[in-house]
Structures are given as C-alpha cells and as structure tokens.
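1. next input, structure requested:
(one chain, ligands or ions: 1)
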Amino acid sequence: AEIHYHDFVVQATPVKRLCKTHNIITVNGQYPGPTLEVRDGDSLIVKVTNSARYNVTIHWHGVRQIGTPWADGPEYVTQCPIQPGDTYTYRFTIQNQAGTLWWHAHSKWLRATVFGALIIYPKLGASYPFPKPKLEIPILLGEWWNKDPIDVLKQATFTGAGPAISDAYTINGQPGDLYRCSSQDTVKFIVDSGDTVLLRIINAALNQQLFFMVANHKLTVVGADAAYHKPFTTRTIMLGPGQTTNVLLTADQPPGYYYMAARAYVSAQNVPFDNTTTTAVLEYISTPCKSNQGFPSIPIVPLLPAYNDTATVTTFLSQFRSLSTSSVKISKEIDENLFFTVGLGFFNCDPGPQCQGPNNTRFAASMNNVSFVLPTQASLLQAYYQGIPGIFTTDFPPVPPIKFDYTGNVSRALWQPIPGTKLYKVKFGSKVQIVLQDTGIFTTEAHPIHLHGYQFYIVGQGFGNFIPNQDTANFNLIDPPSRNTVIVPVGGWAAIRFVADNPGVWFMHCHIDAHLTWGLAMAFLVENGAGELQSIGPPPEDLPQC
Ligand code: C2O
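-> Residues are numbered from 1 along each chain as shown. Have a look, this model is predicted:
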C-alpha cells in the first residue's frame, strides 16, 4: 500500500461563468478541485491550509475512517473549523472500499465550490469485476450561483425562506452549451468507436437531485458510492446530492457528437427550482469532417425525464443489488430498532423581514421532531472525548415522540420541531436498523440521507407509511445494495442496516444543504469497543480549536 501526500490550499479564486467573473473559494485555484486517486488499502495525508476568509473543514465523503474519527471533517461534529491562516492535516486509510467517492468542504455552504473526486482503484494485482474500460472519466455534477454561495446561505437564513435557486448546473465545473457565454468552454470527452468507458458520476450539487443521461447510449451501472453492484442497464440515472454512480458506456453509435446532460429531479410540489440543463459533449474521434468545420452538426440531445418523474426514479433505484451475495452478512436479529421521521416543518415567528417562509414562518427541518443545532464551543467528538459538559445530550428519541399519519395531512400543532443537539448512543458492535420515514408536514419530499463513518445496506423502501409487520417481511436480506447515502422516497420510507463497528461521533443528515441548515440531521455516538481500532484514540496535535 502507498501513502499519498497532498497539499490543499483553500483560497479565493476569480472564475468566469455565465458571462461574469467573481471570486469563489477553491482548493489550489481549481474548480472542481483536484482529483485524488488511490488504491484500496492506501493512506492519504492531506495538509489543508486555509488561505481564505471563511472558516473551513474538508470531509472525505464515504470514507469509513475506521479508527480515525478525527479525520472525518464535518465542522463542530468531529472538529472545530480550520480558521483563516491555520492548517490541519487529515490522515486516514482506505479500508475495503472500491469505486468512486469524493471530498467536499463541510462548513456552511462552501461545498458549493469546494469539492473534488476521490477515486479508489482495486488493490495492486486485483481487477474490476467487469471488463477493464479503455478510459475512465470522472463526471462531477455541480450547481452554480452568480452570487457567493455564503451570501445565498445568509439570505436564506436571514429571511427564514428557501434559498435562491441556482443559476446553472455544471459538469466538471462548466455549464455547457445551453447557457450564456459558456459554449466555448463546454467539456468534451473523446472516445473511439467500440470503446467502453467508465463514467464515475458524482452529484456534488448543493441542493438538487439530478437526472443524468447520454444521448442514444445505454448506461450499465456497475457500482455506487464505494461499492460494486450487480450490473444493470438503464437509459437514465438519478443521483441525490452526495451519491455517486459508476456506469459503463460503450461507444456503439454512429460516429458523431452526443450530449451528456443533467437536470433537476424535483419530488416536492410547487417549489421553485432551477429548470436549466447542463451538458458536456461525447465526441467520437472518427466523426467525419470535423477538422475543417469544428462541430459538423449540433450534438444529439438526450430526452431527459420530466422534472417530477418519480416513477423513473423508483424503477432506477429498485434495481440496485450488492454484487456479491456471499459478502453480505446480515443477521436476523437487531439490537437497535430505530424509526426516524425526516421532513420539513416551520418555526412560527412574528411577521417581519425574518419570517418570510410560507404563512409568515421560518423554515425548519427535523428528525423525530428534533431540529439539529450544531454546537459552537467544541466539536461533539471533542466534547465526548474530553468530557466537556453542556455541549450535547444523548436523548435523541429512538422512535417519534408521537405517532401520526406521516404521509397524510398533518395538523398544524405538529409543525414546529424542537431545536436541540441530541445524539443517539449505541454500543460498539450493535446491529442497527433504521427506518427513515418521510413526513407530510408542509410537504412530502425525497431526501438523500447520508451517514458518516459507515456503509449501510438498504434493505427496503416503499411509499406511504411504513407498516412494520408487512414491510419487514419483504426486506431484502440476501443482496441489498451497500451505500452511504440513501434516497428516502417522496412520501415514503427507506430501511437501512449496519453494524456499529466504528467508534466515534457520526453525523447523519440530509445531503441537501438547505435541509441540513434547517436541522435535518442527528448524530450517533458509537461507544468504544475492546481493541485499539475499537476505541477512539487521542486527537491529533494540530486539531483546530474553537
Ligand atoms: Cu457529504 Cu456530511 O457529507
């Protein structure tokens, strides 16, 4: 195994998009940031220097961080932020993971521009469970604002209303041909007829779930998050923010130009959204007459699903299965049987400029009616490790405090969650099941729920209210897909399982940053086990202080 050293300098960088130049926060002046390439078993040492004017942290999304909880990165959860002028070095090892992950800032809304791919190749001498592709292409889907994303956040926080919608979606940092002043920079990928390429697709958008297609080409899904999956073929894929999907594409069409394109999947009704489409070009090298004319013809545009096509999303997501049935080890018994509501709500407030949510309220979001509040004096992990009192409590409810018709019309009395910094404590080694139930408070909406420090199995999902006896009987305990981010269907539920074999404080939250900001989060405290890797070691000496 190798050790990879990287220097990340977080800095303001002038970037021109949509006809305007403005300063965005980048890593090393790159947008998207540097691609990290490692093999399974390798270690990473990344020294992050903050040369920007905002606090920052970096999270290694999907890396299990076994034995290295201090390197996970979410601000005020596992560390205090790196302040301007300071540095922090993240040290961790990739253990039994394969495929595509990514890294991003985990501080305010900086991840809008601070993100990059983290590619995990098989161990030396090991190969993919599919034919070796001719070419591998990371595809990072992003969301662009003409304003500083921190100002978009400030505006949303001040008014209590939803954030301004984005001005563009991007593929590898570029909006593409369908936007103003963008076509000269459209990203282009060149393939030869007959080649099979591996697309490593990452949804790095801040707030938007996205459909993705390549005109006239079939996509064979071979993996998602950091795990291989049984191959299946599809025209359309959908990724929630935080998710990655690996697909094989064979250049089996007449030589020419084909758009790959992404645009919004919107599950909620009557919400404003950015209805634009980002494109990149797949170019066949043998396309005739291109040397004297540039583009000989307009690229072929894929017919993306309607923005609200939940049926296509459901069909797509239902096809994921773990590749190897023998590696799936799920025991019949469960130690922690948890049921968490996830959903949007409101805080009542006095009408005024700070109450611009629907009907003079402020937006809120919660799990089991707790709207999560980050501490500011110390990180949760530090508070636990050093026994600092008053930072958190461990009374996060294992089931909703009240039962109601989760997906029906809900009385207004239930709309207001209670703010709090509540953790749920589990013993090392516990077998955990969580049913995540979307609620109809204000509106039902699909939520990409991400768990730090773990890969979990998605053992079931469905629409409406979860019915324990009936739905449990249909769980897939044979070859459920392994992921780190699960889409809780709009007005439905998803059930996940994992073994709590990694001690630490692990954040679980909606990866739509607007919802996270409103409190759609909680954290697990997984207590120490018996051995060295089963207990939380001391923090690194350079761990930032609050
Ligand atoms: Cu990719 Cu807590 O995030």
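
2. Asn528: neighbour count?
-> Burial measure for Asn528: 12 neighbouring residues, criterion other C-beta atoms under 10 Å. (Each C-beta comes from the backbone N, C-alpha and C, glycine too.)

3. if I pick the closest residue to it other than its chain neighbours, what's in contact with it?
-> Nearest residue to Asn528 in three dimensions, chain neighbours excluded: Ser535, at 4.0 Å (C-beta to C-beta, 6 or more residues apart in numbering). Residues near Ser535 by C-beta atoms under 8 Å, 6 or more residues apart in numbering: Pro503, Asn528, Gly529.

4. quick check: bridge partners of the residue of the stretch 351-500 of the chain found nearest the ligand?
-> In the stretch 351-500 of the chain, the residue that lies nearest the ligand is His450 (5.1 Å; C-beta to the nearest ligand atom). Per DSSP bridges, the residues bridged to His450 are Thr485, His509.

5. surely it and Gly242 touch.
-> Yes. Between His450 and Gly242 a contact is recorded at 4.7 Å, counting by C-beta atoms under 8 Å.

6. who in the chain is up against the ligand?
-> Contacts of the chain with the ligand, taken as C-beta under 6 Å from any ligand atom, map to His59, His61, Pro74, His104, His106, Gly242, His450, His452, Phe507, His509, His511.

7. so which of these would you say is closest to the ligand?
-> Comparing the residues of the chain next to the ligand against the ligand with C-beta to the nearest ligand atom places His61 closest, at 3.6 Å.

8. looks like that closest one contacts Trp103 (just checking).
-> Yes. In terms of C-beta under 8 Å, His61 counts as a neighbour of Trp103; the distance is 6.3 Å.

9. quick check: neighbours shared by those two?
-> Common neighbours of His61 and Trp103 (criterion: C-beta under 8 Å, 6+ apart): Leu118.

10. so which residue is smack in the middle of the chain?
-> Of all residues in the chain, the one closest to the mean position by C-alpha atoms, centre = their mean is Gly242, 1.2 Å from it.

11. tally of neighbours for the closest residue to that residue other than its chain neighbours?
-> Leaving aside its sequence neighbours, Gly242 sits nearest to His511 (C-beta to C-beta, 6+ apart; 3.5 Å). As a burial measure, His511 scores 26 neighbours (other C-beta under 10 Å).

12. make CSV out of the residues of the chain next to the ligand and add secondary structure.
-> Converted to CSV, those look like this (DSSP: H, G, I helix; E, B strand; the rest coil):
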residue, secondary structure
His59, strand
His61, strand
Pro74, coil
His104, strand
His106, coil
Gly242, coil
His450, strand
His452, coil
Phe507, strand
His509, strand
His511, coil
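
13. among those residues, name the buried ones.
-> Listed as buried from the residues of the chain next to the ligand are His59, His61, Pro74, His104, His106, Gly242, His450, His452, Phe507, His509, His511; burial here means 16 or more other C-beta atoms under 10 Å.

14. could you export the residues of the chain next to the ligand as a markdown table, including distance to Cys349?
-> Listed next are the residues of the chain next to the ligand as a markdown table, based on distance: C-beta to C-beta, whole Å:
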| residue | distance to Cys349 |
| --- | --- |
| His59 | 32 |
| His61 | 34 |
| Pro74 | 28 |
| His104 | 32 |
| His106 | 28 |
| Gly242 | 30 |
| His450 | 29 |
| His452 | 32 |
| Phe507 | 27 |
| His509 | 24 |
| His511 | 27 |
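
15. does anything pack onto the longest strand seen in the chain? Which helices or strands?
-> In the chain, ranked by residue count with DSSP state E as the criterion, the top strand is strand 3-17. When contacts are defined as 3 or more C-beta pairs under 8 Å, 6 or more residues apart in numbering; DSSP states H and E, strand 3-17 packs onto strand 20-27, strand 36-39, strand 43-50.

16. list the strands paired with that strand, with their directions.
-> Applying DSSP bridges, one finds strand 3-17 paired with strand 20-27 (antiparallel), strand 43-50 (parallel).

17. with mean neighbour count added, can I get those in JSON lines?
-> As requested, the strands paired with strand 3-17 are exported to JSON lines (neighbours: other C-beta atoms under 10 Å):
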{"stretch": "strand 20-27", "mean neighbour count": "19"}
{"stretch": "strand 43-50", "mean neighbour count": "19"}
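
18. could you dump these to JSON lines with mean pLDDT?
-> Shown next, in JSON lines, are these (pLDDT from 0 to 100):
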{"stretch": "strand 20-27", "mean pLDDT": "96"}
{"stretch": "strand 43-50", "mean pLDDT": "98"}
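
19. looking at those strands, which is closest to His229?
-> Closest approach to His229 among these (C-beta to C-beta): strand 43-50, 24.7 Å.

20. so who does Lys332 touch?
-> Lys332 makes contacts with Leu477, as judged by C-beta under 8 Å, 6+ apart.

21. next up, phi/psi of it, please.
-> phi -70, psi -40 (degrees, to the nearest 10).

22. quick check: which element contains Phe320?
-> Under the assignment given by DSSP states H and E, Phe320 is not contained in any helix or strand.

23. let me see the contact set for it.
-> Phe320 touches Val221, Ala224, His229, Phe232, Ile458, Pro481, Arg483, counting by C-beta under 8 Å, 6+ apart.

24. ok, then the element right after the worst-scoring helix or strand of the chain on mean pLDDT?
-> Scoring the helices and strands of the chain by mean pLDDT, DSSP states H and E places helix 290-293 at the bottom, with a mean of 49. Sequence-wise, the next helix or strand downstream of helix 290-293 (DSSP H and E) is helix 310-317.

25. following that next one, which helix or strand shows up next?
-> Remark: after helix 310-317, the chain's next helix or strand is strand 336-348, criterion DSSP H and E.

26. just the buried residues of that next one, please?
-> Neighbour-count burial for strand 336-348, counted by 16+ other C-beta under 10 Å, picks out Glu336, Leu338, Phe339, Phe340, Thr341, Val342, Gly343, Leu344, Gly345, Phe346, Phe347.

27. for these, which one is nearest Val313?
-> Using C-beta to C-beta, Val342 is the member of these that lies nearest Val313, at 16.9 Å.

28. host element of Gly462?
-> Using DSSP H and E, Gly462 falls within strand 456-463.

29. buried ones in that strand?
-> Residues of strand 456-463 classed as buried by neighbour count (16+ other C-beta under 10 Å): Phe456, Tyr457, Ile458, Val459, Gly460, Gln461, Gly462.

30. also stretch 48-68?
-> 48-50, 52, 54-68.

31. circling back: what is the strand holding Gly462 packed up against?
-> Packed against strand 456-463, as judged by 3+ C-beta pairs under 8 Å, 6+ apart, are the following elements: helix 468-473, strand 482-483, strand 485-488, strand 492-499.

32. could you redo the last one with a cut-off of 10 Å?
-> Counting contacts by 3 or more C-beta pairs under 10 Å, 6 or more residues apart in numbering; DSSP states H and E, strand 456-463 packs against helix 310-317, strand 431-438, helix 468-473, strand 482-483, strand 485-488, strand 492-499.
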